[in-house]
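Student: Just to be clear, the model below is a prediction. Sequence and coordinates:
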Amino acid sequence: MKRCGWVTNDLIYIDYHDHEWGRPTHDDQTLFEMLSLEGAQAGLSWITILKRRENYRAAFDNFVPEKVAQYDDEKVDELLHNDGIIRNRRKIESVITNARVFLDIQREVGSFNDYIWQFVGGEPVLNNWAEHADVPSSTKASEQMSKGLKKHGFKFVGPTICYAFMQATGMVNDHTQDCFLGGKSYG
């Protein structure tokens, strides 16, 4: 079975590609988790984070934003000693900051889902790239998302991170034409 060019033979990668990547996600908590993990990935490979995903879930209370928003300096110190996650102070603190801003957006808009999906007009963008090399690292939509999130106070949400988030949550479907999932709409 042919898959997108970025997928290795690692079973965790295959499972992620086949069952999650590019499929529309509308659950606020899952959206918060994916935004947090994409931020943690900055400067690293996605497989590095994916292999630590369960550790991240345990360390960050399953990414329940109400819990994460309450973290204090003592919790940050605890996380800095957790060898199951990437122990980068700025990245750890960004998850906490982002949880607080996430909750602000929920109060303001009603759901983070409604806020974030506006950047693609509420519908998944089904791309039709010939091969992995054709897939951009950012787009006008991810640049707009980045600006919007930063304006609210989010951290680690540059255009490239936002585009990876859009791919991960199915806001865009970038499965290539030669992939068995290419051209499929999950809307």
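Tutor: Nice, I can see it.
Student: which residues of this structure fall in strands?
Tutor: Using DSSP state E, the strands of the chain run over 125-126, 172-173.
Student: looking at these, which is buried most?
Tutor: Among the strands of the chain, strand 172-173 has the highest mean neighbour count (mean count of other C-beta atoms under 10 Å), at a mean of 24. Quick note: C-beta positions are derived from backbone N, CA and C, even for glycine.
Student: Contacts only, for Ser146.
Tutor: Residues near Ser146 by C-beta atoms under 8 Å, 6 or more residues apart in numbering: 157-159, 161-162.
Student: measure it to Asp77 for me?
Tutor: Separation of Ser146 from Asp77 (C-beta to C-beta, to the nearest Å) stands at 30 Å.
Student: just Asp15 next, same as before
Tutor: Distance from Asp15 to Asp77, by C-beta to C-beta: 34 Å.
Student: Next: His26.
Tutor: 35 Å.
Student: And Asn62, by the same measure?
Tutor: As judged by C-beta to C-beta, Asn62 and Asp77 stand 21 Å apart.
Student: Also Arg23?
Tutor: In this view, Arg23 and Asp77 are 37 Å apart by C-beta to C-beta.
Student: I appreciate the help and will end here.
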